[in-house]
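1. all I have is the shape, not the residue letters:
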């Protein structure tokens, strides 16, 4: 299987450093390739480019393309994350009882090789949108109109509370004391990444 994790950041040095920590965490635990896209347009949110970048990466022949926000870290071996994703499926954290714009969390999401039609539709819905939740709302709307096999992701793959038994931590600073745990681990990965570049 040819799997890849991608992300995107603008050219702010802090975001690039975050993406470096994510890359190091993928090298150690991800069981996949990694690619970070640096977007030089500071007015463009990375969330608005994700569908296009996922589509382009799928068209390059990958079996599974996963998008991880730059403020995530892979903290355990990700082999279990990949195993249930089929060519015709997407894997995402789905919250059916939330308001429409928050039913999907698209900060960690994966697409099988045959989902290009779905991703193109998502990309078309995102074009021109400026809402901060546009990626999540348009993903939900695309899911409602396109037949796709949804694999509902466990919170262990998109954990905002940084539990030790989780696989992916996602830093949204909902819990500031727990956030220190994330920042400590992020710093460890940043240090390892910097040491490799010397």
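-> In hand now; what should we look at? Given the structure is predicted, the values throughout are model-derived calculations rather than measurements. Numbers count the residues shown, from 1 in each chain.

2. residues near residue 150, how many?
-> Residues within reach of residue 150, counting by other CB atoms under 10 Å, total 12. Glycine gets a C-beta too; all of them are placed from N, C-alpha and C.

3. contacting residues for it?
-> The contact partners of residue 150, by CB atoms under 8 Å, 6 or more residues apart in numbering, come to 89, 90, 91, 92, 94, 143.

4. tell me which of those residues fall in helices.
-> residue 143 (DSSP state H).

5. of the contacts of residue 150, closest to residue 137?
-> residue 143 (10.7 Å; CB to CB).

6. near the closest one, how many other residues are there?
-> That count, for residue 143 with other CB under 10 Å as the rule, works out to 19.

7. ok, it - contacts?
-> 90, 104, 150.

8. helices or strands up against the lowest-mean-pLDDT helix or strand in the chain?
-> Using mean pLDDT, DSSP states H and E, helix 176-197 stands out as the lowest-scoring helix or strand of the chain, at a mean of 83. With contacts taken as 3 or more CB pairs under 8 Å, 6 or more residues apart in numbering; DSSP states H and E, helix 176-197 sits against helix 13-29, strand 72-74.

9. where is pLDDT lowest across the contacts of residue 143?
-> pLDDT across those is at its lowest for residue 104, which sits at 92.
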